[in-house]
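In: sharing a model prediction with you, sequence too.
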Amino acid sequence: MRILTEIVESIKISLDSIRANKLRSFLATLGVVIGISFVVLMGWAISGLDKALMDSINLIGEDMLYIDKWDWSGGKSWKEVRNRKSITLRQANQLISELTLAEIAVPGATFWGANAKSEGIDFTGIIVYGTTADYSLLPSGEVEKGRFFTKFEEQLNKKVVVLGHKVVSSLFPETDPIGKIIKLEGYEFEVIGVMKKQGTMLLDFVDDRIYIPLGSFMQLFGGTHTRNISIGIKAGNLDRMDDVREEARGIMRRIRNLKPWQEDDFSINETKAFEEIVSTFRLYVWGIGLGMTVLSFIVGIIGIMNVMFVSVTERTKEIGIRKSVGAKNRSILLQFLVESSTLCLVGALTSIFVCSILVFATANILPKFVPATAFLQKFLPFEFVLYATIVAIFVGILAGLLPAMRASRIDPIESLRYE
């Protein structure tokens with residue numbers, strides 16, 4: 001109980017000292033303020049990356065595999081991947097027909113940079129995705145308004161289209177697009193549905209897509225025998241992923257006539273590719289953040305240590321009086337450690353307050369100009385605020401240790417003579 005009383009009294013003395021020497025206290029804690037800011041903002045950035053990763057995984061689906069010519073993770077050399085033969089529609093259909101363990105498999109073909117017009121508005125750079133009616137059963141096939149095309153429309157190669165969220169806002173900013181006609185590369189298509197907004201930091205292009213039946217796609221853009229096809233395979237649950245992956249790999253190797261000693265000339269992509277990307281971002285954030293944090297804390301420790309040494313010198317006579325009336329060395333040591341920790345804690349709380357305002361403003365304003373940053377959280381993660389507070393107290397103890405030890409060893413007789 002006595003120690004608690006001493007701590008409370010020391011905090012009061014420290015706050016009085018901060019109020020009496022505002023500029024000196026601010027300069028002393030500046031390094032701590034900067035260091036804590038790095039810790040908090042680093043946590044905010046990492047939590048945002050984690051959210052972007054989860055958004056991308058939810059869009060793709062944890063139990064999804066995508067067999068493609070291209071490697072999402074970039075693990076292979078560009079030249080090697082570019083020289084691979086395309087996966088043709090015939091090969092894709094053969095793979096789909098022979099799969100036995102997967103819940104569903106869907107082919108898809110992509111054309112980048114198409115042009116669409118509607119009611120006098122042009123939209124260039126659209127991504128046209130040709131697929132089958134089963135695409136609506138995948139996690140990324142959720143329709144917000146209207147419907148996806150049916151198997152009957154797919155078989156008849158109907159000129160129907162489902163628009164991505166960004167395409168709708170560009171072509172039909174003020175009207176309901178359902179039932180309207182758009183011209184895609186000069187051909188008329190009826191709008192039957194609108195996809196749910198899906199764009200994430202890692203997949204910001206998906207809202208620029210429009211979806212049409214695969215047969216209509218081939219009629220429009222050609223390449224039935226040469227165009228690369230991607231096959232989306234839904235395993236059904238995570239426990240079946242390994243079995244489905246190996247079955248798909250074996251069938252695809254046979255279809256592609258690969259010898260046992262030859263490497264795969266196709267890629268099996270899954271959400272692990274995004275986990276690797278986020279891990280790389282996380283490594284950079286941690287590396288830069290921790291480096292700057294350590295440097296800032298070193299500056300802060302030196303600054304606070306100097307202030308505490310000055311404080312010890314200024315209060316030498318006070319320390320002597322306290323010792324002469326029975327104060328123990330432990331009490332003097334505790335007083336100065338609490339004062340230095342309080343100084344750091346005030347700096348930390350100031351930093352957290354400023355960072356909270358900065359984060360809230362950034363998360364609300366930046367996405368309006370850069371939509372891909374919509375993943376940013378509007379509030380600081382509580383755990384990092386807690387970590388920052390604990391670190392501030394620890395830094396305060398570290399910075400005040402030498403001055404506190406010096407104060408506790410002052411000779412009371414000599415200190416009473418000090419002027």
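Out: Good, I have the coordinates. Residues are numbered from 1 along each chain as shown.
In: where exactly do the strands run in the stretch 51-200 of the chain?
Out: Using DSSP state E, counting those that start in this stretch, the strands of the stretch 51-200 of the chain run over residues 64-68, 104-118, 121-131, 143-146, 160-163, 181-184, 187-195.
In: check which helix or strand residue 9 maps to.
Out: Element membership of residue 9, judged by DSSP states H and E, is helix 2-20.
In: all helices of the protein, in order?
Out: When secondary structure is read from DSSP state H, the chain shows helices at 2-20, 22-60, 78-82, 89-98, 151-155, 165-171, 214-221, 241-255, 272-314, 316-324, 329-369, 382-408, 412-416.
In: ok, back up a step: need the winner for burial among the strands of the stretch 51-200 of the chain.
Out: Burial among these, expressed as mean neighbours by mean count of other C-beta atoms under 10 Å, is greatest for strand 160-163, which shows a mean of 26. Quick note: C-beta positions are derived from backbone N, CA and C, even for glycine.
In: how far away from the center of its chain is that one?
Out: Its chain's C-alpha centre lies 31 Å from the corresponding centre of strand 160-163 when counted by C-alpha atoms, centre = their mean, to the nearest Å.
In: which secondary structure elements does it contact?
Out: Helices and strands touching strand 160-163, as assessed by 3 or more C-beta pairs under 8 Å, 6 or more residues apart in numbering; DSSP states H and E, comprise strand 181-184, strand 187-195, strand 209-213.
In: show me the shaky parts of the stretch 151-300 of the chain.
Out: In the predicted model of the stretch 151-300 of the chain, residues 199-204, 272-278 satisfy pLDDT under 70.
In: picking that back up, and the strands of the stretch 51-200 of the chain: which comes nearest residue 280?
Out: strand 64-68 (20.4 Å; C-beta to C-beta).
In: would you mind extracting the C-alpha trace of that closest one into CSV?
Out: Once side chains and other backbone atoms are set aside, the C-alpha atoms of strand 64-68 remain, and they are given as CSV (Å, rounded to 0.1, in the frame of the first residue of the first chain):
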residue,chain,number,x,y,z
MET,A,64,-10.7,-22.9,-54.8
LEU,A,65,-8.0,-24.0,-57.2
TYR,A,66,-7.3,-22.2,-60.5
ILE,A,67,-5.5,-24.1,-63.2
ASP,A,68,-3.9,-21.7,-65.7
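In: what pairs with that strand, parallel or antiparallel?
Out: Next to strand 64-68 in the sheet, as set by DSSP bridges, lie strand 230-234 (antiparallel), strand 267-269 (antiparallel).
In: can you list contacts of that strand?
Out: 60, 72, 87, 95, 138-139, 228, 230-235, 241, 244-245, 248, 252, 266-271 (C-beta atoms under 8 Å, 6 or more residues apart in numbering).
In: what angle sits between it and helix 272-314?
Out: Using axes from the mean of the first three to the mean of the last three C-alpha atoms, to 10 degrees, the interaxial angle of strand 64-68 with respect to helix 272-314 works out to 120 degrees.
In: what angle do strand 64-68 and helix 22-60 make?
Out: Inter-element angle recorded for strand 64-68 and helix 22-60: 80 degrees (by the same axes, to 10 degrees).
In: what angle do strand 104-118 and strand 64-68 make with each other?
Out: With the same axes, to 10 degrees as the basis, strand 64-68 and strand 104-118 are set at 70 degrees to each other.
In: domains for the protein, by residue range?
Out: Taking automatic domain parsing as the domain assignment, the ranges for the chain are 2-57+275-416, 63-270.
In: circling back: comparing the helices of the chain by mean pLDDT, which bottoms out?
Out: If you rank the helices of the chain by mean pLDDT, helix 412-416 sits at the bottom with a mean of 64.
In: residues touching the closest residue to residue 241 other than its chain neighbours, list them.
Out: Once flanking residues are discounted, residue 241 sits nearest to residue 235: 5.0 Å by C-beta to C-beta, 6 or more residues apart in numbering. Taking C-beta under 8 Å, 6+ apart, we find residue 235 in contact with 63-65, 101-103, 241, 243-245.
In: those into a markdown table, with extra columns for distance to residue 8?
Out: Compiled in a markdown table, these are given as follows (distance: C-beta to C-beta, whole Å):
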| residue | distance to residue 8 |
| --- | --- |
| 63 | 57 |
| 64 | 58 |
| 65 | 61 |
| 101 | 67 |
| 102 | 66 |
| 103 | 64 |
| 241 | 58 |
| 243 | 64 |
| 244 | 64 |
| 245 | 62 |
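In: follow-up on the earlier one: residue 122: which of the helices of the chain is closest?
Out: Evaluated with C-beta to C-beta, the helices of the chain place helix 165-171 nearest to residue 122, the distance being 8.8 Å.
In: residue 330 against residue 407, yeah?
Out: No - taking contact to mean C-beta atoms under 8 Å, the distance of 11.6 Å between residue 330 and residue 407 leaves them out of contact.
In: before we move on, the earlier item: out of the helices and strands packed on strand 160-163, which gets nearest to residue 158?
Out: Once the helices and strands packed on strand 160-163 are compared by C-beta to C-beta, strand 209-213 is nearest, at 6.2 Å.
In: tell me the spacing between the residue most central in space within the chain and residue 176.
Out: Averaging the C-alpha coordinates of the chain gives a centre point, and the residue nearest to it by C-alpha atoms, centre = their mean is residue 49 (1.0 Å). As judged by C-beta to C-beta, to the nearest Å, residue 49 and residue 176 stand 36 Å apart.
In: how many other residues sit next to the residue nearest to residue 341 when sequence neighbours are not counted?
Out: Closest residue in space to residue 341, ignoring its immediate chain neighbours: residue 396 at 3.2 Å, by C-beta to C-beta, 6+ apart. The local packing count at residue 396 equals 29, with neighbours defined by other C-beta atoms under 10 Å.
In: repeat that for the one 3 residues further on.
Out: Using other C-beta under 10 Å, the number of residues around residue 399 comes to 29.
In: contacting residues for it?
Out: Contacts for residue 399 were tallied using C-beta under 8 Å, 6+ apart; they are 300-302, 304-305, 308, 340, 344.
In: one more time with 6 Å, if that's ok
Out: Residue 399 makes contact with 301, 304-305, 340, according to C-beta atoms under 6 Å, 6 or more residues apart in numbering.
In: which one of those residues is nearest residue 360?
Out: For residue 360, the closest of the contacts of residue 399 turns out to be residue 304, at 29.1 Å, with distances computed as C-beta to C-beta.
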